[in-house]
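# have a look; sequence and predicted model below, questions after that.
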Amino acid sequence: MGIIGYFELQWKCLVVVALRLLFLVPAGVPARSGESYLKDNITVRQGDSAVLKCNVDNKVSRVAWLNRTTILFTGNEKWSLDPRVVLLNTAVTEYSIKIINVNLYDEGPYVCSILTNKKPESTKVHLIVQGNRIITEGEYVEMTGITKDMSGSYDCITSNDISPPDVRTVQVTVNYPPVISRARSTGTAVGQKGVLWCEASAVPLADFQWYKGERRLLNGLNGVKIENKGKQSMLTFFNVSEEDYGNYTCVAMNTLGITNASIILYGPGAIHDVNNAALSPANSFMLLTLVLTLSVLSKF
């Protein structure tokens, strides 16, 4: 490489760095002295041509067009390899480019960078391409009286005379506190395996705790195993003893609330109203519920 070629390469590198640094000034940031950052939107249909205009005057020493961080033109020299992008020979006070046969990938920000009296100025143009993915602005569905049953997928369908209907899917998630929907008491003989379980619907998913009286049960201690899977929690006794019989409380909680259900482990021949016992909260746990609620809230 000769000396001239070397300096030409160095100059292009400096131009690239300078223009990219200039491009990084975001819209909405207060401009420094001698710097302007104007914004305009141009909307064209896919397949049409787009003309991006930039006004200049005789005080301009250097000028360039960029697309994101890609340099399209510096002065009259074309840097882009895209044959669809051309420089227009218009008025002396205008430095404009034309994009032929616009496609969806051409959409985005374009910047005309100008150096005048050693002070940078920039004009930003945002190209919007209408094609197979037109979404009408301002269209919305207002949902009132939200319930958990409104969770799910909703389809927004748009259409016009240019292309087939376009469908966008919106996922709606409704958060709600735990609701214990199922709980089961169990009759198990001494020395046998017994399982108590409860199920709670909640978004986000509920955390579970088990209690006997006011004593919290821990997984792996005193011969019990606690296993939580999604909406369900199971309390397993591997070798039931007389001391294990009695009333247990399943507590379900998330960031929105807390609830509990009383579940009984009883021996063979015992008479219990299983359904009522499983679903009615124990009055003796009102204080426990308050304590747990305060414990949850203190974490947020």
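In hand now; what should we look at? Numbering: from 1, shown residues only.

# quick check: domain ranges of this structure?
Domains of the chain are assigned by automatic domain parsing as 3-20+31-130, 176-297.

# weakest of those by average pLDDT?
Between these, the lowest average pLDDT goes to domain 3-20+31-130, which shows a mean of 75.

# so how far is it off the chain centroid?
How far domain 3-20+31-130 lies from its chain's middle: 33 Å, per C-alpha atoms, centre = their mean, to the nearest Å.

# sorry, back to before: wait, which of the domains of the chain is closest to Lys148?
Nearest of these to Lys148, taken as C-beta to C-beta: domain 176-297 at 4.8 Å. (Glycine included, C-beta is placed from N, CA and C.)

# ok so, going back, among the domains of the chain, which comes closest to Asp149?
Ranking these by their distance to Asp149 (criterion: C-beta to C-beta) puts domain 176-297 first, at 10.2 Å.

# on that earlier part again, nearest to Asn160, out of the domains of the chain?
Comparing these under C-beta to C-beta, the one sitting nearest is domain 3-20+31-130, at 8.4 Å.

# hey, what's the closest residue to Val60 other than its chain neighbours bridged with?
Once its chain neighbours are removed from consideration, Val60 has its nearest residue in Thr116; the separation is 4.9 Å (C-beta to C-beta, 6 or more residues apart in numbering). Residues found in beta-bridge contact with Thr116 (criterion: DSSP bridges) are Val60, Lys119.

# Thr116 and Asp57 touch, don't they?
Yes - with contacts counted by C-beta atoms under 8 Å, Thr116 reaches Asp57, the gap being 7.5 Å.

# when the two are compared, which one has more neighbours?
Ranked by neighbour count (other C-beta atoms under 10 Å), Thr116 and Asp57 place Thr116 first, with 16 against 9.

# ok, that one - contacts?
Residues counted as contacts of Thr116 (C-beta atoms under 8 Å, 6 or more residues apart in numbering) are Asp57, Lys59, Val60, Ser61.

# could you check how far it is from Lys78?
When C-beta to C-beta, to the nearest Å is applied, the distance between Thr116 and Lys78 equals 22 Å.

# Glu199 now?
From Glu199 over to Lys78 the distance is 67 Å, taken as C-beta to C-beta.

# can you show me the helices along this structure?
Secondary structure of the chain, counting by DSSP state H: helices at 3-23, 274-279, 286-297.

# list the contacts for the residue nearest in space to the middle of the chain?
For the chain, the residue lying nearest the average C-alpha position, counting by C-alpha atoms, centre = their mean, turns out to be Gln171 (11.1 Å). The neighbourhood of Gln171, defined by C-beta under 8 Å, 6+ apart, consists of Gly152, Ser153, Tyr154.

# how many residues are close by the closest residue to Asn132 other than its chain neighbours?
Excluding its sequence neighbours, the residue lying closest to Asn132 (C-beta to C-beta, 6+ apart) is Ser163, at 4.6 Å. The criterion is other C-beta under 10 Å. On that basis, Ser163 has 15 neighbouring residues.
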